[in-house]
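1. 3D model of this:
(one chain, ligands or ions: 2)
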Amino acid sequence: MEKKKESKLIFSGVQPTGNLHLGNYLGAIKNWVKYQEDSNCIFCIVDLHAITVSENREKILDNTREVAAAYIASGIDPNKNTIFVQSNVTGHSELSWILSCHTPIGWLNRMTQFKDKAGKNKEKAPLGLYSYPVLMAADILLYKSTHVPVGEDQKQHLELSRDVAQAFNRYYNQEFFPIPEPIITGTATRVMSLKNGLNKMSKSDPSDQSRINLMDDSISIIKKIQKARTDSEPFPKSLEEMDNRPEINNLINIFSALSEDLPQNVVAQYVGKDFKFFKEDLSDLVNQKISNISTEMHKLLKDLNYLDLILKKGCQKANEIAEKNVKDLKKIIGFFEA
Ligand code: AMP
Ligand code: TRP
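-> Ligands and ions are numbered 1, 2, ... in the order given. Sure thing, here's the model as predicted:
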């Protein structure tokens, strides 16, 4: 087996909340695939995060397997990387508690995702939704991860993870945790809804037309892109023109990310042409990339023994690292060792 670089440790995760979409793929999973060649990578299915929202609890097992299938179908090799389920490694919850004792409430009060998700009635929001970013810091730091590839919406949570790592290190006067670097790259770090260019493409949007699901068939993809909102202006002539046209901006960025070409080249290719041609080519492009993933996901989800075995092996690999790090942490804190 080829030798991997030891210095980098990549960690990332997706919540098993169903409806995995093009945003998850372009903003996160697609980028992970290239790290596996030269880095140690741990990819988690973060089920403890998913249960912070009551709607996500019912189909947690099916959705967990769906995310595992999406990882593998997107090209993540389970033999080269660790793929596992968060709740199978108790160190996540343990470290989350320890880190929560080093996290000032003021830091959590600034988290915009909590404000969005809790809505108007904050008093009724579960404590877990509020402390979610501490659990995310624990996920990353449990493995002493150095790099975390995510979409743009996770930037604030990652900044908090860095602050918490520094707070712990400072308190115990040790460089125990590396300070994790966010990796937010590409032209599709924030894929927007197909129905409203000001909203993020999201698993929880009640309109299925707003997103392209990784398991959509090609006819649905063509229809969704045909109906995707645009405006009445002609195709933009320059990137600057896209600034005030969020829907067009989004479609061009998706095109750019999938074709691995610069947005300005996409603009140059379609300037002066009818939107119809651009949308037809975009549908082809999305279909080319997604149909392979979708077919592979369907296949994997029919062989649960294989999928579950990967998650069991992943759990063992993750636990080996986690147990050692939790043990070292407890020593640093000075807990009694039974
Ligand atoms: P989640 O669906 O919240 O578990 O997100 C899993 C990963 O996908 C995270 O790295 C997110 O930042 C990323 N992600 C989710 N939605 C989008 C989006 N609309 N555009 C880009 N990345 C996204
Ligand atoms: N909070 C992330 C999201 O909603 C998922 C997540 C949980 C994660 N723990 C993580 C991402 C650790 C990266 C690293 O998308």
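
2. from now on I want contacts and neighbour counts done on CA atoms only, so please keep to that.
-> Will do.

3. and Asn40, what helix or strand is that in?
-> strand 39-45 (DSSP states H and E).

4. so which elements touch that strand?
-> For strand 39-45, the packing partners by 3 or more C-alpha pairs under 8 Å, 6 or more residues apart in numbering; DSSP states H and E come out as strand 5-14, helix 60-73, strand 82-85.

5. got the buried residues for the second one?
-> Along helix 60-73, these residues count as buried under the neighbour rule (16 or more other C-alpha atoms under 10 Å): Ile60, Asn63, Thr64, Arg65, Glu66, Val67, Ala68, Ala69, Ala70, Tyr71, Ile72, Ala73.

6. can you redo those residues as JSON lines with pLDDT and distance to Glu233?
-> Shown next, in JSON lines, are the buried residues of helix 60-73 (pLDDT from 0 to 100; distance: C-alpha to C-alpha, whole Å):
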{"residue": "Ile60", "pLDDT": "97", "distance to Glu233": "44"}
{"residue": "Asn63", "pLDDT": "97", "distance to Glu233": "40"}
{"residue": "Thr64", "pLDDT": "98", "distance to Glu233": "43"}
{"residue": "Arg65", "pLDDT": "98", "distance to Glu233": "43"}
{"residue": "Glu66", "pLDDT": "97", "distance to Glu233": "39"}
{"residue": "Val67", "pLDDT": "98", "distance to Glu233": "39"}
{"residue": "Ala68", "pLDDT": "98", "distance to Glu233": "42"}
{"residue": "Ala69", "pLDDT": "98", "distance to Glu233": "40"}
{"residue": "Ala70", "pLDDT": "98", "distance to Glu233": "37"}
{"residue": "Tyr71", "pLDDT": "98", "distance to Glu233": "38"}
{"residue": "Ile72", "pLDDT": "98", "distance to Glu233": "41"}
{"residue": "Ala73", "pLDDT": "97", "distance to Glu233": "38"}
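
7. which one of those is nearest ligand 2?
-> Closest to ligand 2 out of those is Val67 (12.0 Å), distances taken as C-alpha to the nearest ligand atom.

8. which helix or strand contains Ser131?
-> helix 127-142.

9. before we move on, back to that, quick one: the strand holding Asn40 to chain centroid distance?
-> 12 Å (C-alpha atoms, centre = their mean, to the nearest Å).

10. which of the helices and strands packed on strand 39-45 sits closest to His147?
-> strand 5-14 (4.8 Å; C-alpha to C-alpha).

11. from the contact counts, what lies against the closest one?
-> By 3+ C-alpha pairs under 8 Å, 6+ apart, strand 5-14 packs against strand 39-45, strand 147-149.

12. minimum distance to Lys122: which of those has it?
-> Closest among those, once you apply C-alpha to C-alpha, is strand 39-45, at 26.9 Å.

13. hmm, that closest one in reach of ligand 2?
-> No. Using C-alpha under 6 Å from any ligand atom, strand 39-45 never reaches ligand 2; the gap is at least 7.6 Å.

14. isn't Val267 right next to Pro236, touching?
-> Yes. Checked against C-alpha atoms under 8 Å, the pair Val267 and Pro236 is within contact range at 6.8 Å.

15. secondary structure class for Arg229?
-> coil (DSSP: H, G, I helix; E, B strand; the rest coil).

16. residues in contact with the closest residue to it other than its chain neighbours?
-> Leaving aside its chain neighbours, Arg229 sits nearest to Lys195 (5.4 Å; criterion: C-alpha to C-alpha, 6 or more residues apart in numbering). Residues counted as contacts of Lys195 (C-alpha atoms under 8 Å, 6 or more residues apart in numbering) are Gln209, Ser210, Ala228, Arg229.

17. what is the nearest of these to Ala50?
-> Looking across the contacts of Lys195 and measuring by C-alpha to C-alpha, the closest to Ala50 is Ser210, at 21.2 Å.

18. let me know whether the helix or strand hosting His49 sits next to ligand 1.
-> Counting by DSSP H and E, the element that carries His49 is helix 47-50. No. Using C-alpha under 6 Å from any ligand atom, helix 47-50 stays clear of ligand 1, with a minimum separation of 8.1 Å.

19. what sits up against that helix?
-> Gln15, Pro16, Thr17, Asn56, Arg57, Ile60, Thr64, Val85, Gln86, Ser87, Tyr132, Leu135.

20. from ligand 1, how far off is the nearest residue to the first one once chain neighbours are set aside?
-> By that I understand Gln15. Counting by C-alpha to C-alpha, 6+ apart, Gln15 lies nearest to Val46, which is 4.9 Å off, once chain neighbours are set aside. Applying C-alpha to the nearest ligand atom, to the nearest Å, the value for Val46 to ligand 1 is 8 Å.

21. next one: Ile183
-> 10 Å.

22. okay, Lys122: pLDDT?
-> On pLDDT, Lys122 comes in at 90.

23. could you list every residue that touches it?
-> Lys122 neighbours (C-alpha under 8 Å, 6+ apart): Lys115.

24. which bits of this structure sit near ligand 1?
-> 14-15, 23-24, 27-28, 150-154, 189-192, 200-202.
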